[in-house]
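S.K.: Structure of the sequence below:
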Amino acid sequence: MGAKLINLKARRSGARIERLRATDPVVVEIVLALWELGGQAHRQTVADHVLRGRGEMGVIRHEDRAPIYQAMNSVFSSGGSGWIAPAFGETSYRWVLTDSGQQLFQTARPPKRSRAAAG
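M.R.: Next up is the predicted model:
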């Protein structure tokens, strides 16, 4: 997926794209897929979602998913991105957005006004 399309998807989702820009584009696709899938999913579901987002049609084979699995394995083996993690330990095939990952998609709220300022 091209960088422009990733940025467009991130903007539409409300993600804080400035925090995603320095990240491997495949990892960004995975983060976006997890968010679109409700914050957690089996790795095959995540990979299929990423590939469908790239326009992949028809049957998706294991060979098609392998680069996505490799990107995640490199993230996990390097200590993680802080945004995604295996749900049930390092051998888990279920991936989740961490609290930090979910915060990427939270829109900033205006500061609360104090009662004194509200008058």
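
S.K.: what about the protein, any weak spots by pLDDT?
M.R.: Counting by pLDDT under 70, the chain shows low-confidence ranges at 1-23, 79-81, 107-119.

S.K.: hey, where'd the strands end up in it?
M.R.: Shown for the chain, the strands assigned by DSSP state E span residues 40-42, 84-86, 94-97.

S.K.: Pull the residues that contact the second one.
M.R.: Right, strand 84-86. Contact with strand 84-86 is made by 27, 30-31, 34, 72, 75-76, 92-98, 101, as judged by C-beta atoms under 8 Å, 6 or more residues apart in numbering. Placement of C-beta: from N, CA and C, glycine included.

S.K.: again, 10 Å this time
M.R.: By C-beta atoms under 10 Å, 6 or more residues apart in numbering, the residues outside strand 84-86 that reach it are 27, 30-31, 34, 40, 43, 46, 72, 75-76, 80, 92-98, 100-101.

S.K.: same deal with the longest one?
M.R.: Contact partners of strand 94-97, identified using C-beta under 10 Å, 6+ apart, comprise 30-31, 33-35, 37-43, 45-47, 72, 75-76, 83-88, 102-105.

S.K.: Show me what counts as buried in that strand.
M.R.: Neighbour-count burial for strand 94-97 flags 95, 96, 97 (criterion: 16 or more other C-beta atoms under 10 Å).

S.K.: can I get the residues you listed in TSV with distance to residue 58?
M.R.: TSV is the format used below for the buried residues of strand 94-97 (distance: C-beta to C-beta, whole Å):
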residue	distance to residue 58
95	24
96	29
97	28
